[in-house]
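Trainee: Just a sequence and a predicted model for now, questions to come.
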Amino acid sequence: MSDTDARLKRDKSLYFDDGNVVIAAALTPTKNGLLFRVHKSILAKNSLVFADMFTLPDISPRTEAETNDLYDGVPVVPMYDKPQDVRGLLHFFYDAPSVVLSRYDPETPSKIDGILTLAKKYRITPLWDRLVDHFKADWPQTLTDWDVLESEMAIRQQARLELAEDLPFIDEVFPEPGAAIRLARDLDIQEVLPAAFYHLSRLKITQDRRVEGQSSESNHEDDLIWHRVEGGRTANWSFLSIEDFRCLLSGRENIERYLRTKYPDFSLLCRKEGAKCDVRKVSCSKLELLYHSSDILHDLKDFIPEKGHTEEEICGWCRLRVNDVASAVRMELWYKLSEFFSLPPLPDQ
């Protein structure tokens, strides 16, 4: 490889004197390469692709052309992948515990995108499983987990307002849907999509996290900052494809249509003899307000609050009955999110 030495740079943290193979990452006619001198046994242990590659017997070079396939006296394996992704991959091989990711980090998709792609390409199952499990954990798979996440955000926002306004916006602490959808689509991690699309459906397209910090002649940037101060969320809409936008719009319409089919379920009559309670009027009027709600799961959770209505409007017994109906509708809605947003069925569905 003497003709390309000028374009090669050794990675000091992953260049071992006793290594018996050199990985040349992104070595192309137009890009400089990054060199990693590592051990075949480590690569083969972690990757079936490398294991198969290294089952071929080593052949001593006999010609000048063949010696060009050596670097520092050991064979060279080119990898036409981003050097930083290859570095992350090799760091996992040599020091897996050092690969630390924070829970709910909105930057997780950008941090793991490249290394996950390599893990899939080179069939590195332990790494794939570890990163995918972390990614999926940021996006609830059950309604209970969704409620827990929403509660954590509410508590953090309240603490920020009451105790320490210098704390970061919750938008900077909790998952961002645009990048999550893109990564899930690209690598076929379907479990993330229902929660990510539902969260995205609660946002306006003007609530774009790319806007803040950019010059603008309008007050849009100031509006966005205040939106985040008040606990509002944003998305990176640029990650969405045309098909993603179709799924998003379809989901919003399907949720509203689904709620309208549930009107009879909320048309209850009070069972108490001689009661003045008008549960049907209260529950149906409240349901109608939800038809254009941006967050149905939130608004169904405490459908008829304990306070706010007299016993003549709705008695305590009927309020419990209506809330049970709302809870059942809420659960069914959660399980239908994939259908509503025209997403592939989940593996367990």
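Mentor: Sure, I can see it.
Trainee: For Leu343, what is the enclosing helix or strand?
Mentor: Using DSSP states H and E, Leu343 falls within no helix or strand.
Trainee: Give me the neighbour count for it.
Mentor: 20 (other Cβ atoms under 10 Å). In short, each C-beta sits where N, CA and C put it, glycine included.
Trainee: cool, His227 as well?
Mentor: When neighbours are counted by other Cβ under 10 Å, His227 comes out with 19.
Trainee: which ones are touching it?
Mentor: Counting by Cβ atoms under 8 Å, 6 or more residues apart in numbering, His227 touches Gln207, Thr234.
Trainee: Domain parsing of this structure, as residue ranges.
Mentor: Here the domain parsing of the chain from automatic domain parsing is 2-81, 101-240, 256-337.
Trainee: Ends of the last one, what's the gap?
Mentor: Okay, so that is domain 256-337. Terminal residues of domain 256-337 are spaced 12 Å apart (Cα to Cα, to the nearest Å).
Trainee: how distant is it from the center of its chain?
Mentor: Distance, stretch centre to chain centre, for domain 256-337: 32 Å (Cα atoms, centre = their mean, to the nearest Å).
Trainee: any idea of the mean pLDDT for that domain?
Mentor: Mean pLDDT, domain 256-337: 91.
Trainee: and the helix or strand Glu253 falls within, what other elements does it pack with?
Mentor: Per DSSP H and E, Glu253 falls inside helix 242-261. Under the contact criterion of 3 or more Cβ pairs under 8 Å, 6 or more residues apart in numbering; DSSP states H and E, helix 242-261 touches helix 193-201, helix 316-335, helix 337-340.
Trainee: For the shortest one, list every residue counted as buried.
Mentor: So that's helix 337-340. Leu337, Ser338, Phe340 (16 or more other Cβ atoms under 10 Å).
Trainee: One more: the second one?
Mentor: Judged by neighbour count using 16+ other Cβ under 10 Å, the buried positions of helix 316-335 are Cys318, Arg319, Arg321, Val322, Asn323, Val325, Ala326, Val329, Arg330, Leu333, Trp334.
Trainee: what comes into contact with it?
Mentor: 142-143, 146, 255, 258-259, 262, 265-266, 268, 270-272, 277, 279, 282-283, 296-297, 300-304, 306, 309, 314, 340.
Trainee: Write the PyMOL selection for whichever of those residues are buried.
Mentor: To isolate the buried members of the contacts of helix 316-335 in PyMOL, using 16+ other Cβ under 10 Å:
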select buried, resi 143+146+255+258+259+262+266+268+270+277+279+282+283+296+297+300+303+304+309+314+340
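Trainee: Which of the contacts of helix 316-335 fall within helices?
Mentor: Mapping the contacts of helix 316-335 onto helices (DSSP state H) picks out 143, 146, 255, 258-259, 265-266, 279, 282-283, 296-297, 300-301, 340.
Trainee: Where do the strands of this protein begin and end?
Mentor: 8-15, 21-25, 33-38, 70-71, 74-79 (DSSP state E).
Trainee: could you say what helices and strands the second one packs with?
Mentor: To tie it back to what came earlier, the one meant is strand 21-25. Using 3+ Cβ pairs under 8 Å, 6+ apart, the elements in contact with strand 21-25 are strand 33-38, strand 74-79, helix 83-94.
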